[in-house]
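> 3D model of this:
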Amino acid sequence: MKKKQKINYSKAHAKYLKRLKKDKFIVIFWQIFLFLAFVGLWELLSSTGAIDPFFFSSPSRIVSTIGELARTGNLWIHIWTSLYETLLGFLIASALGFIIAVILWWSEKLRKILEPYLIILNSLPKIALGPMIILWVGSGTKATIVMCVLICIIITTISMLNAFISCDKDKILLMRSMHANKFQILYKLVLPNALPEFFSVLKINVGMSWVGTIMGEYLSSRAGLGYLINYGSQMLQLDIVMTSIVLLCILAAGMYLCVSPLEKRHNKQIT
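Presented below is the predicted three-dimensional model:
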């Protein structure tokens, strides 16, 4: 096996790398500290009666509720239902929005025709379409996925279209002068230029897809975290509501941590 060669950095560069590691450690430390401090303060205020645990719950009651849901077997059903709907809606909306943006970039005339409608659709409250969605595709998982897609797809399309259009016009003219066709310009110049925006859109869609899923499950669902939140609020079991919100935050953070390394890997390749 080949031994890894040790890179000899200059003193200034080694000092810079050391400072980067130190800054990263400080950021992670404070992130963990603030989280633990928030949880500890929440538990303290709840146990001392400074805040009413009936309305605000507490970390210990949330852990107890998670354990109870796990024992009955309902926890994994609700988590998997929401996660499946969110992931599917996220992937469909991101892919379709990207494709639509490419089509609109390709045809300037079509873009000018449809762009006002995209702005109007983006401003439309998607929850207003809820009853229509149920009539179109039925209740349950299908309605939730459609709601998730509707919330994410317009944002994806508009953001990616703006990224495509903002590509340097001089570079496009240079490629045309070298007899590059439109596909070559798209593949070699426009798409690489838009990659940072695409990763930003993916991170935005992580949050928006969960919003769409919870909204869809509010409308018509018999399982999922949105259903649990709705059920808990109707039955005044706010521990279930807070537990569902905490689980929602954990799952959303997990999705974000899956998307974020893609952007970091791309940035490393550039540098």
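> would you map the strands across the stretch 51-200 of the chain?
In the stretch 51-200 of the chain, no segments count as strands under DSSP state E, counting those that start in this stretch.
> can you give me the helices in it?
Here the stretch 51-200 of the chain has its helices, by DSSP state H, counting those that start in this stretch, at 53-56, 59-72, 74-106, 108-123, 130-137, 141-165, 169-177, 182-185, 191-219.
> how about the third one: buried residues?
Judged by neighbour count using 16 or more other CB atoms under 10 Å, the buried positions of helix 74-106 are 75, 78-79, 81-83, 85-90, 92-94, 97-98, 100-102, 104-105. C-beta here means a position set from N, CA and C on the backbone, and glycine is covered the same way.
> that helix - what's its average pLDDT?
In this model, helix 74-106 carries a mean pLDDT of 92.
> identify all contacting residues around stretch 196-209.
Identification of contacts with stretch 196-209 by CB atoms under 8 Å, 6 or more residues apart in numbering yields 86-87, 89-90, 93-94, 97-98, 148, 151-152, 155-156, 159-160, 162-163, 252, 255-256, 259-260, 262-263, 266.
> ugh, typo on my part, it should be stretch 99-113
Here stretch 99-113 has contacts from 114-115, 153, 156-161, 163-165, 182, 186, 190, using CB under 8 Å, 6+ apart.
> and if we set it to 7 Å?
By CB atoms under 7 Å, 6 or more residues apart in numbering, the surrounding residues in contact with stretch 99-113 are 114, 157, 160-161, 164-165, 182, 190.
> ranking helices and strands of the chain by mean pLDDT, which lands last?
When the helices and strands of the chain are scored by mean pLDDT, DSSP states H and E, helix 130-137 comes last with a mean of 80.
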